[in-house]
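Trainee: turn this into a model:
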Amino acid sequence: MSAALLTPSPGGPHGLLGRLRDEAPVFFSEELDVWIVTRHQDVLRILKDAELFPASTRSVILGAYPPAVRGILEESATFTAPNMGFDGRPTHDRLRRPAAPFFTAQAVARLEPRIRRAAVRQADRLPATPPSDLAADYARPFATALIMDLAGFPAEDHDRIVRYHRAVSEFFFGSPPPDRQLAYARDVREWETYLSATLRDRERHPGDDLVSHLVAQDAYSERELISLISFDIVTAGIGPTGYALTVVCDELLRDPRRRDALSADPARFDARFAETMRRRGPALGVFRTAAADTELSGVPIPAGAALWAMIASADRDERRFAHPDEDDPTRPGLGASLHFSHGLHYCLGAHLARTAVRTAVTTLLRRHPGLRLVPDQPHVPEPGLNVIAPARLLVEW
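Mentor: Numbering: from 1, shown residues only. Predicted structure coming up:
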């Protein structure tokens, strides 16, 4: 089961996840040393109860690497400083509260012109003649440029920030090859030196950007700021936004009627986005630990156990969504989807992600209203333990 779950396939893992929901909704994977949880009611319980199922999994991540690599990462703020993505209350609330005003629906609405400019710039850079790889030519560079702009990083630092982001992302979400791990760890250290200098610059020369906003709150230590920017802003912003944009484009272009309906009525986007993320959210799930002995679906879970709460499975659970494999943006109860998580760790950037993808998609369709998938292209998945998005999406027009 574990090996099959981690083997990419063109149809994704959903067939196997459906079997698990029926036959083994909670089971221990010896290969991964983690309890895999697949039903909506159990995943929702894990996400809602942050005290019993805390997100403090960085020590588990660090334990997977050899001493030389672990030694560098254990000195980093990214992997050790208080962080809203991994800490519970009261630390989580203290860290989240000052950052939250930048990410409200109203604040994101004011950012829309900047988001649109980033989308237009990237659309301008698409090849003059098709085909084009939408993941490499549009989705990933748009997400990177947008997060860099909102954070206030200079455009000339693009390549180095992409390198830093890759290093952090590989440790948290991927499985970096042994011969690259030490280099990635050194990139993390270099990244934090860069961020430290950036913070000092913003203290002297504040701007209209997220880093300046965070510095001005005077609510964080330097290590907390570095951790917040490194993981919560850059790592959790660039990758998931690019993956989501690729997946939404893939879904729209698989059925030209979806593309045409959205082009005719862009107001349909939010429902289309929610249903696409329910059916094809780009993350398999989230990792948690059990703070005490408990049980899920009648299965005893020991204290200290690691759990993999399969959001991709929960969002297709027949017990919660009728005909879950069908695409239906008008389905009732769509708000029960867990693609942005739930409870304490509900995604801080949900409004921003939705607006960014909406703007990027509508910009692309205005530029190329006849956009379509190149037929018979092979499925190329994104690498990484927890990512289920296409790494390549060939299109023509």
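Trainee: check what pLDDT Leu385 gets.
Mentor: Predicted confidence (pLDDT) at Leu385: the value is 82.
Trainee: burial check on Arg278, number of neighbours?
Mentor: 24 (other CB atoms under 10 Å). To be clear about C-beta, it is placed using only N, CA and C from the backbone, and glycine gets the same treatment.
Trainee: report the buried residues of the helix or strand where it lies.
Mentor: Arg278 is part of helix 269-280, with elements assigned from DSSP states H and E. In terms of neighbour count (16 or more other CB atoms under 10 Å), helix 269-280 has its buried residues at Phe269, Arg272, Phe273, Ala274, Glu275, Thr276, Met277, Arg278, Arg279, Arg280.
Trainee: could you list the low-pLDDT ranges of the stretch 151-300 of the chain?
Mentor: Across the stretch 151-300 of the chain, nothing is flagged by pLDDT under 70.
Trainee: count the neighbours of Leu253 for me.
Mentor: Count around Leu253 with other CB under 10 Å applied: 18.
Trainee: quick check: closest non-adjacent residue to it.
Mentor: Leu373 (4.7 Å; CB to CB, 6 or more residues apart in numbering).
Trainee: just Val361 next, same as before
Mentor: For Val361, ignoring the flanking residues on the chain, the nearest one in space by CB to CB, 6+ apart is Val248 at 6.0 Å.
Trainee: one step back: in this structure the residue nearest to Leu253 contacts Asp255, no?
Mentor: No. Taking contact to mean CB atoms under 8 Å, the distance of 10.2 Å between Leu373 and Asp255 leaves them out of contact.
Trainee: dump the buried residues of helix 269-280 into JSON lines; add distance to Arg319 as well.
Mentor: Rendered in JSON lines, the data for those read as follows (distance: CB to CB, whole Å):
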{"residue": "Phe269", "distance to Arg319": "28"}
{"residue": "Arg272", "distance to Arg319": "24"}
{"residue": "Phe273", "distance to Arg319": "24"}
{"residue": "Ala274", "distance to Arg319": "19"}
{"residue": "Glu275", "distance to Arg319": "18"}
{"residue": "Thr276", "distance to Arg319": "21"}
{"residue": "Met277", "distance to Arg319": "19"}
{"residue": "Arg278", "distance to Arg319": "14"}
{"residue": "Arg279", "distance to Arg319": "16"}
{"residue": "Arg280", "distance to Arg319": "20"}
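Trainee: who's Glu396 bridged to?
Mentor: In this structure, Glu396 bridges to Arg372 when assessed by DSSP bridges.
Trainee: which ones are touching it?
Mentor: Applying CB atoms under 8 Å, 6 or more residues apart in numbering, one finds that Glu396 lies in contact with Pro130, Pro131, Ser132, Leu371, Arg372, Leu373, Val374.
Trainee: can you tell me how far it sits from Pro130?
Mentor: The gap separating Glu396 from Pro130 is 4 Å, by CB to CB, to the nearest Å.
Trainee: likewise for Ser2?
Mentor: Taking CB to CB, one finds Ser2 at 40 Å from Pro130.
Trainee: which helix is the longest one in this structure?
Mentor: When every helix of the chain is counted residue by residue (DSSP state H), the longest turns out to be helix 178-204.
Trainee: and that helix, what's buried?
Mentor: Within helix 178-204, the residues scored as buried using 16+ other CB under 10 Å are 181, 184-185, 187-189, 191-192, 194-195, 198-199, 202.
Trainee: helix or strand next in line after that helix, which one?
Mentor: As assigned by DSSP H and E, the chain's next helix or strand after helix 178-204 is helix 210-216.
Trainee: immediately after that next one, which helix or strand?
Mentor: Where DSSP H and E defines the elements, the next helix or strand beyond helix 210-216 is helix 222-227.
Trainee: against which helices or strands is that next one packed?
Mentor: With contacts taken as 3 or more CB pairs under 8 Å, 6 or more residues apart in numbering; DSSP states H and E, helix 222-227 sits against helix 77-80, helix 178-204.
Trainee: Ala139 is nearest to which of the ones you listed?
Mentor: Within the helices and strands packed on helix 222-227, the stretch nearest Ala139 is helix 178-204; the backing value is 22.8 Å (CB to CB).
Trainee: what's the neighbour count on the residue nearest to Tyr184 when sequence neighbours are not counted?
Mentor: Beyond its immediate neighbours in the sequence, the residue positioned closest to Tyr184 (CB to CB, 6+ apart) is Ala167, lying 4.0 Å away. By the other CB under 10 Å criterion, the neighbourhood of Ala167 contains 25 residues.
Trainee: contacting residues around Ala167?
Mentor: Contacts of Ala167 were listed using CB under 8 Å, 6+ apart, and they are Ala183, Tyr184, Ala185, Asp187, Val188, Trp191.
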